[in-house]
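Enquirer: please work out how this folds:
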Amino acid sequence: MVLEPLFERFIAQAPLSVMARATIEHALSPDALDALFKQTARRGYTKQLLFSTTLDLMSLVVCGPLPHVKAAYHHLLERVPVTLKSVYEKLSHIEPVVSSALVRAVARCCAALVGELGGACRGLLPSPYRVKILDGNHLGATQKRLKVIRGHTAGPLPGICLAVLDPASLLVTDVIPGENGNANERSLIDQVLPHVSADEVWVADRIFSTLDFFEGLAGRHAFFVVRRHGRLNYLPRGEFTAEVETERGWARERPVSICRDGRPAQAARLVVVRLRKPTEDGDEQVEILTDLPVTAADAAAVSQLYLARWKIEGAFHELTVTLRCELNTPGYPRAAVFGFCVAVAAYNVLAVLKAALRAVHGEEKVHKEVSGYAIAVHWSLVVPGMMVALPPHEWERFGRLPSRELAAYLRDWAGRVDLRTVKKSPPRKPTKHPSPRVKDRKTHISTYRLLIADKERRRANTQRP
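Expert: Next comes the predicted model:
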């Protein structure tokens, strides 16, 4: 493919933005999005407002500088053939099954690109095991715009989402949404099991420590590495092994039987990690249950595997800080869930860019030096102007490219990225002399008066003999 001189100028000055826009066109082409909606929507339909246009509106809020849907509507006024009220009606009725299908479709396209790039991270377990990390996220409270929640002092929660992360590709491969913001993550476990495949190893926190979940995984020939919940009982079937040193402390294990109604129901291994430093909750040790064979992962490896669960916390951090996945303006649960899934799709595009950088610059260097936040900021600053100079029809060619050909372009463009422009900030050193706590008598205080008082205090100290 021969690119125009204007393309080449953007590639030279802002290769990451070109990479992002080409990947978006490949994974989120309008025709594919509209076809996805027709296949998955159960009651929804389109007349004038296409699903792809609705996603463009939401993406301007999630990934761009616009604060809310109304601002995005006015920005795309020429492309949106309906009123603002119709847009809000459309967003409030997008079914959760459509939002989760969007994430899965984008993840499949992005996974193919990561595979062609050769940018996957080192596996946490040997083949044939494939690790999946599961965690839940309650969407943040919204503004009280809906009539039914006006006057309430409590913050209205629009929903909850379970996310599944593939730590090899760093892609969020699935989202299981729920519209009840007060629901527990366990209430969505039944919707997780249909997405489980054989030889997968599911890593999760203690909220998912239930015998039903473990038996559901075993029935699909999958495995679990889950922190034990205090209410999940077990019976020991042997003695503890000797402790082995790990990154976080010292690990030992014993065979156990997980109980149902006081009777043994499922065999497992209990790995106890004595921590070097207590957790934020004050726990000095962590108990992890797994049914992996010892030949696949010993006590130290299970400890490291559970530690990898924090990768999904990093993903949630990027979704919340870098991409505004928890919008406080959409009050309807379905609109809020759709906004979260659009942010996940954008996060997966960022994961492809990181994979391209890993393929060219090396996994260790990218992990230590590259900031996902800096990439997203670079993207949001450059892409709007680039889309004026290079309108959407100029990018359609990338949507038609096979994954292998687009991966070759991404690898070439990644080689032109100056990593100094997306470098991580050095970790902040702890404060040696923390400031004393001052209890003020007033609600507000004048910064000007504080500066004057400090200046006079320092002057008096220098004049003192």
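Enquirer: just the pLDDT for residue 127.
Expert: Looking at residue 127, its pLDDT reads 86.
Enquirer: got it, and residue 64?
Expert: Residue 64 is given a pLDDT of 66.
Enquirer: again, but for the one 4 residues further on
Expert: At residue 68, the model reports a pLDDT of 84.
Enquirer: how much space separates it from residue 452?
Expert: With distances taken as CB to CB, to the nearest Å, residue 68 is found 41 Å from residue 452. Every residue, glycine included, has its C-beta placed from N, CA and C.
Enquirer: the two: who's more crowded?
Expert: residue 68 (14 against 11; other CB atoms under 10 Å).
Enquirer: just checking, the more buried one touches residue 61?
Expert: Yes: between residue 68 and residue 61 a contact is recorded at 6.2 Å, counting by CB atoms under 8 Å.
Enquirer: tell me how many other residues crowd residue 293.
Expert: 11.
Enquirer: over to the one 5 residues further on?
Expert: One way to gauge burial is a neighbour count; for residue 298, by other CB under 10 Å, it gives 17.
Enquirer: kindly report the same for residue 430.
Expert: Residue 430: 6 neighbours (other CB under 10 Å).
Enquirer: and after the least confident helix or strand in the chain by mean pLDDT, which helix or strand comes next?
Expert: Of the helices and strands making up the chain, the lowest-confidence element is helix 310-317, at a mean of 67, by mean pLDDT, DSSP states H and E. Using DSSP states H and E, the helix or strand that directly follows helix 310-317 along the chain is helix 333-361.
Enquirer: average model confidence for that next one?
Expert: Helix 333-361 carries an average pLDDT of 90.
Enquirer: next one: stretch 88-103
Expert: For stretch 88-103, mean pLDDT rounds to 92.
Enquirer: list the buried residues for it?
Expert: 88, 90-96, 98-103 (16 or more other CB atoms under 10 Å).
Enquirer: equivalent analysis for stretch 19-27, please.
Expert: 19, 20, 21, 22, 23, 24, 25, 26, 27.
Enquirer: go on, stretch 155-162?
Expert: Those would be 156, 157, 158, 159, 160, 161, 162, for stretch 155-162 by 16+ other CB under 10 Å.
Enquirer: got the phi and psi for the first one?
Expert: Residue 156 adopts backbone torsions of phi -80, psi 120, taken as degrees, to the nearest 10.
Enquirer: repeat for the fifth one
Expert: Per-residue torsions, residue 160: phi -140, psi 150 (degrees, to the nearest 10).
Enquirer: how close does it get to residue 139?
Expert: 7 Å.
Enquirer: which neighbours do those two share?
Expert: With contacts taken as CB atoms under 8 Å, 6 or more residues apart in numbering, residue 160 and residue 139 have residue 181 as neighbours in common.
Enquirer: surely residue 202 is in a strand?
Expert: Yes: assessed with DSSP: H, G, I helix; E, B strand; the rest coil, residue 202 lies in a strand.
Enquirer: beta partners for it?
Expert: Residue 202 has these beta-bridge partners by DSSP bridges: residue 132, residue 224.
Enquirer: picking up where we left off before, so can I have TSV of the buried residues of stretch 19-27 showing secondary structure and pLDDT?
Expert: Putting the buried residues of stretch 19-27 into TSV (DSSP: H, G, I helix; E, B strand; the rest coil; pLDDT from 0 to 100) gives the following:
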residue	secondary structure	pLDDT
19	helix	90
20	helix	87
21	helix	87
22	helix	90
23	helix	91
24	helix	88
25	helix	89
26	helix	91
27	helix	91
